[in-house]
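*Asks:* Following is a predicted model, sequence given first.
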Amino acid sequence: MGTLTDSWPVAELDSVRRLRVIARSTPGISYAEQVIAAPYDRVWALASDLESQMPMLITDIRSFTVLSAEGEHLEALARSPLGLRARFDIVLRPGWCLMQSRFLLGGMAAVPEGEGTRFAFFGGLRLPGIRLVDFLLGPVKDPLIARALRRFTSQLSP
């Protein structure tokens with residue numbers, strides 16, 4: 001006789017779907033997703049180059065420096081144009097990147113889709129009272145994340 005867990009349903013989520021769940025269940029997050037007409041390997045090679053891509057995607061980041069890497073766990077330092085700094089703990093693996101600092105949360109994910117790649121990107125604040133901040137910044141933050149995704153995809157144009 002099997003155990004109770006033998007008949008439990010299983011829900012496997014790819015990287016983009018997992019990122020979407022995190023983004024939709026976390027207050028203060030802006031999320032964008034798009035199918036890019038470029039192969040997965042090319043998209044992820046560009047996306048996972050965090051030192052060059054974070055300043056390209058996020059205009060509030062002047063530099064992004066990986067300080068240490070041990071397997072899929074990285075530590076990085078982001079500097080703003082005004083000199084503010086944030087240390088990020090990062091999990092980076094093929095098709096998946098999740099980053100968090102004391103006050104910020106960000107992520108990227110990619111999966112092959114047909115001849116192209118489904119790519120997702122999110123970012124947001126981790127603050128007490130974030131629901132109020134989210135309400136106040138709502139009209140501004142979604143266009144910013146969409147613009148970051150457009151900047152990323154423009155680098156992949158032929």
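*Replies:* That came in fine, so what should we check first?

*Asks:* Kindly state the beta-bridge partners for the nearest residue to residue 101 once chain neighbours are set aside.
*Replies:* Distance criterion CB to CB, 6 or more residues apart in numbering; nearest residue to residue 101, sequence neighbours excluded, is residue 86 at 4.1 Å. For the C-beta atoms, the positions are set from N, CA and C on the backbone; glycine is no exception. Judged by DSSP bridges, the bridge partners of residue 86 are residue 78.

*Asks:* neighbours around residue 86, how many?
*Replies:* 18 (other CB atoms under 10 Å).

*Asks:* in this protein, which spans are strands?
*Replies:* Listed in chain order, the strands of the chain (DSSP state E) span 29-36, 63-70, 73-79, 85-93, 96-100, 104-113, 116-125.

*Asks:* so can I have TSV of those strands showing mean pLDDT and distance to residue 49?
*Replies:* Putting the strands of the chain into TSV (pLDDT from 0 to 100; distance: least, CB to CB, whole Å) gives the following:
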stretch	mean pLDDT	distance to residue 49
strand 29-36	92	16
strand 63-70	97	10
strand 73-79	97	12
strand 85-93	97	10
strand 96-100	97	11
strand 104-113	95	11
strand 116-125	92	14
